[in-house]
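Q: Got a predicted structure here, sequence first:
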Amino acid sequence: MAMAIESIPIIDFADFGDGTSPEAHEIGKSFFKACKDVGFAYLINTGIPQEMVDGMFDWSAKFFALPLSTKQKAPHPPEGWKHVGYSPIGLEQVSQMIFDPTELASIRKGKYPDYKESFDIFGQGPTKRFDNVWLPESDLPGFRSYTMKYWDTCRQFQMERLLPALALGMGLDRGFFNGYHGDGNNQLRLLHYPEGPVEMFESGEKGRMGGHTDFCTCTMLFQDDVGGLEVECPGREGIFVSVPPVRGAAVFNIGDFLMRWSNDILKSTLHRVRAPPRREGDGGKTRERFSIPYVCHFVHSPTRGRKC
Ligand SMILES: O=C(O)CCC(=O)C(=O)O
Ligand SMILES: [Fe+2]
């Protein structure tokens, strides 16, 4: 049962500037505290224009509204680790630290298997490990260029504010983490949780996204106004609190890589997505939900250690 949370800190980047002022150091300190105590935070005044985020949600809705046969023209490659292209409903099932194929198969048949579809792209810098997979331009003209532009906008926030703030908060040179995220091997995910009969979700026949931690360095996501994202309370196993949508705020979380790298000081917290509760007027259907995570990955590159 999810409780309401007041304890997910809000970090306001409005006064961050170029990261050299005393205000920037204070922002860094609060950010570090949030990452240490909860592993999650709301980020506001990121500098990512709201209309850019709204535009990305519009494109995402247009993409997922295409016929399945069209979406499948940009298929996710057979290798599970190549996270690019379109994954239809049921292809991706999220689990936590389970590697045995028999156990994994039983998750697919068990309670709350993920009922979602996704489209993923990666940065395409010199250290890229694989190419993106796109639809033919004529199937959704403009989608590719907007998505790449949005990716660049998130990247700019990552390099100019996000990573410098964390480094400052930890008492490091503000360019410390930038150097380890060299040419931006970051993943942009468009996630769509389709609507479905309320009973299907209530009975546990289907779920949205199972409990997991992210294996990246950190993730920043925007969600629509439907809700359902939940985070496990630090130190209280199995107790989840909801992370309700806050317009204009990105939800940030630390991933496993930074937790390991920081000797567990930064927390990679378990989270999941549940279907929202029944609502009058929804006609017995659970509303569809869209979210857009931007997942930051470590890159070992020659720029390591460079000051920003
Ligand atoms: O859709 C969401 O709100 C959560 C997505 C998520 O946790 C993930 O992609 O790792
Ligand atoms: Fe996640």
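A: That came through fine. Ligands and ions are numbered 1, 2, ... in the order given.
Q: near ligand 1, which residues of the chain show up?
A: 189, 191, 209, 214, 221, 223, 229, 271, 273, 291, 293 (C-beta under 6 Å from any ligand atom). To be clear about C-beta, it is placed using only N, CA and C from the backbone, and glycine gets the same treatment.
Q: which of those lies closest to Glu51?
A: Distance to Glu51, by C-beta to C-beta, is smallest for Gln223 among the residues of the chain next to ligand 1, at 17.0 Å.
Q: The closest one pairs with what?
A: Ser291 (DSSP bridges).
Q: Now do the contacts for it.
A: Contacts for Gln223 (C-beta atoms under 8 Å, 6 or more residues apart in numbering) come out as 229, 245, 251, 289-292.
Q: what bits of the stretch 101-250 of the chain have low per-residue confidence?
A: 107-108, 110-112 (pLDDT under 70).
Q: Out of the residues of the chain next to ligand 1, which comes closest to Leu172?
A: Out of the residues of the chain next to ligand 1, the member with the shortest distance to Leu172 (by C-beta to C-beta) is Asp214, at 21.7 Å.
Q: SS state for the closest one?
A: coil (DSSP: H, G, I helix; E, B strand; the rest coil).
Q: Pull the number of nearby residues for the closest residue to it other than its chain neighbours.
A: Computed as C-beta to C-beta, 6 or more residues apart in numbering, the closest residue to Asp214 that is not its neighbour in sequence is Gly255, at 4.0 Å. Neighbour count of Gly255, defined by other C-beta atoms under 10 Å: 22.
Q: Verify the stated contact: Val38 with Ile10.
A: No: applying C-beta atoms under 8 Å, one finds Val38 not in contact with Ile10, separated by 11.5 Å.
Q: between those two, who's got more neighbours?
A: Higher neighbour count among Val38 and Ile10: Val38, with 20 against 12, using other C-beta under 10 Å.
Q: just the strands in the stretch 201-308 of the chain please.
A: 209-212, 218-223, 229-232, 240-242, 250-254, 271-273, 285-286, 289-296 (DSSP state E, counting those that start in this stretch).
Q: neighbours around Ala250, how many?
A: Neighbours of Ala250 (other C-beta under 10 Å): 25.
Q: so it makes contact with Cys218?
A: No: under the criterion of C-beta under 8 Å, Ala250 makes no contact with Cys218, lying 11.2 Å away.
Q: What's the separation between the residue in the stretch 1-150 of the chain positioned nearest to ligand 1 and Pro78?
A: Residue of the stretch 1-150 of the chain nearest ligand 1, by C-beta to the nearest ligand atom: Val94 (7.0 Å). Taking C-beta to C-beta, to the nearest Å as the measure, Val94 falls 19 Å from Pro78.
Q: Ok, Ile254 next?
A: 31 Å.
Q: more crowded one of these two?
A: Ile254 (27 against 6).
Q: residues contacting that one?
A: By C-beta under 8 Å, 6+ apart, the neighbours of Ile254 are 35, 39-40, 217-218, 266-269.
Q: do the same with Leu66
A: The neighbourhood of Leu66, defined by C-beta under 8 Å, 6+ apart, consists of 135, 139-140.
Q: Need the pLDDT of the residue in the chain positioned nearest to ligand 1.
A: Proximity of the chain to ligand 1 (C-beta to the nearest ligand atom) peaks at Ser291, 3.4 Å away. For Ser291, the pLDDT comes out at 98.
Q: Now do the same contact list for it.
A: Contacts of Ser291 (C-beta under 8 Å, 6+ apart): 191, 193, 221-224, 229, 273.
Q: Ok, Ala167 next?
A: So Ala167 contacts 28, 173-178 (C-beta under 8 Å, 6+ apart).
Q: repeat for Gly184
A: By C-beta under 8 Å, 6+ apart, the neighbours of Gly184 are 123, 125, 155, 158-159, 299.
Q: Quick check on the residues you listed: which are buried?
A: 123, 155, 158-159, 299 (16 or more other C-beta atoms under 10 Å).
Q: out of those residues, who's nearest Pro22?
A: The closest of those to Pro22 turns out to be Met159 (C-beta to C-beta; 21.7 Å).
Q: Next up, phi/psi of the closest one, please.
A: The phi and psi values for Met159, taken as degrees, to the nearest 10, are phi -80, psi -30.
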